[in-house]
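K.L.:
only geometry, no sequence info:
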């Protein structure tokens, strides 16, 4: 099964997509990666969805990528007498540690870490930023604020602190248990919430112990400011626009998205653009024109993947949402302007032999009639470098390691194939040719580019390139290895 596009689609599973037939229909419609949201559902639910995906993988014979998204610490206010209160612009309001139900003048904020980090002038946002308060005075157990934007404040609404780095670990106790659970299940990627600093990523990596790749969610201003350092220790990035739009001015999000995508591409690390992409399709079978433009813009920018959240997890039209995302991607990538934008944003990264081989493979594919670039890789790093080039032809990532094959599914343009170990380059060429033909990328009279490393089975050793005919009789022409 091949896709007729390069950008990947991530679909979140939930009550609307919880059985074999529905999940398989999403996969066949275009979902490449399935997201398990650890904020919803218990371990039994997550295990059942994971097992169903692996059943579909077995039945279709195609690697499927699974992303487990950790919840992260949740900051919420306490409860109110009567469940809610009205606060008005200009009035005083206090957050404190008193367990007494709140009213229009105060409420409990059961997070000492917030009080420890606040300073006069800091901003507190409540209920996804609908309410805004500015701190006038604060101490170890209180924050006296003035209401900047008023409205209804009710029980256990979320609280955001956009302009300070909170002394909170990205992993709560729940996250630690969830991380161990999904790593034992065998997920391919871990999405880490509430990242503020590179040390947050280091902690998750230590706990994962190589069982899953680490994807950092950029959803806080502190993460944007420390992005270079966070990217350096992450395997991939998610641009979580919903939360960014709460803690930053909404007009700042589009340029941040564009900047982060380019930095991820330069680092050869996959990036997902997420949240509110086809939001109206939760309740409507058709998206808005603005949503379609939003998805298209992310694809034009060169993102590796676009993500559906509630649209596929809890919406009324999960299949139509995936079909719409797939149709938009195919249409955008067939636009000549798409290639112009992608190639204009390409930059040189020739620092290693593998970089040179990858650049040469892309140039050969663009100047000759080559149907695909076939990359043998154990760790997947060379396939990621080919993906970074955003070539005009498909990338076939061949690996004998099942976990690598699954993780590569997330990367732009990579058609992932699990293959057998090979000891000689000629047999690697044969495997590449067979994969290209069986997947529908090439026929007997076509040619493909094949890259690999000698000696075989050594990560990071890519040092050889060949333009090979797809007629196997011509591969064994008597020349040496």
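P.N.:
Structure's in. What do you need? Worth saying up front: this structure is predicted, and the values here are computed from it rather than measured.
K.L.:
Find the nearest non-adjacent residue to residue 453, please.
P.N.:
What sits nearest to residue 453 in space, not counting adjacent residues and going by Cβ to Cβ, 6 or more residues apart in numbering, is residue 461, at 3.2 Å. Quick note: C-beta positions are derived from backbone N, CA and C, even for glycine.
K.L.:
what's near enough to touch the one you found?
P.N.:
453-455 (Cβ atoms under 8 Å, 6 or more residues apart in numbering).
K.L.:
could you pull out the helices for the stretch 1-150 of the chain?
P.N.:
Along the stretch 1-150 of the chain, the stretches classed as helices by DSSP state H, counting those that start in this stretch are 20-29, 43-60, 112-117.
K.L.:
For the contacts of residue 461, which single residue is the most surrounded?
P.N.:
residue 453 (22 neighbours; other Cβ atoms under 10 Å).
K.L.:
Show me how this structure divides into domains.
P.N.:
As recorded under automatic domain parsing, the domains making up the chain are 8-72+170-334, 84-160, 353-475.
K.L.:
re earlier: mind checking which of the helices of the stretch 1-150 of the chain is nearest residue 176?
P.N.:
When the helices of the stretch 1-150 of the chain are compared by Cβ to Cβ, helix 43-60 sits nearest residue 176, at 13.4 Å.
K.L.:
Check the offset of stretch 3-12 from the chain's centre.
P.N.:
Offset of stretch 3-12 from its chain centre (Cα atoms, centre = their mean, to the nearest Å): 12 Å.
K.L.:
Flag the helix or strand of this structure with the lowest per-element mean pLDDT.
P.N.:
In the chain, no helix or strand scores lower on mean pLDDT, DSSP states H and E than helix 472-475, which sits at a mean of 76.
K.L.:
Next, the buried residues of it.
P.N.:
Of the residues in helix 472-475, residue 475 count as buried by neighbour count, 16 or more other Cβ atoms under 10 Å.
K.L.:
So which elements touch it?
P.N.:
Counting contacts by 3 or more Cβ pairs under 8 Å, 6 or more residues apart in numbering; DSSP states H and E, helix 472-475 packs against helix 425-438.
K.L.:
quick revisit: what separates the residue nearest to residue 453 from residue 455, distance-wise?
P.N.:
7 Å (Cβ to Cβ, to the nearest Å).
K.L.:
Ok, residue 275 next?
P.N.:
45 Å.
K.L.:
circling back to that earlier point, select, out of the helices of the stretch 1-150 of the chain, the one closest to residue 436.
P.N.:
Here helix 43-60 is closest among these (Cβ to Cβ), at 18.8 Å.
K.L.:
who does that closest one touch, helix- and strand-wise?
P.N.:
helix 20-29, strand 33-37, strand 65-69, helix 173-185.
K.L.:
and residue 349, how many neighbours?
P.N.:
Residue 349: 16 neighbours (other Cβ under 10 Å).
K.L.:
Kind regards, and thank you for your time.
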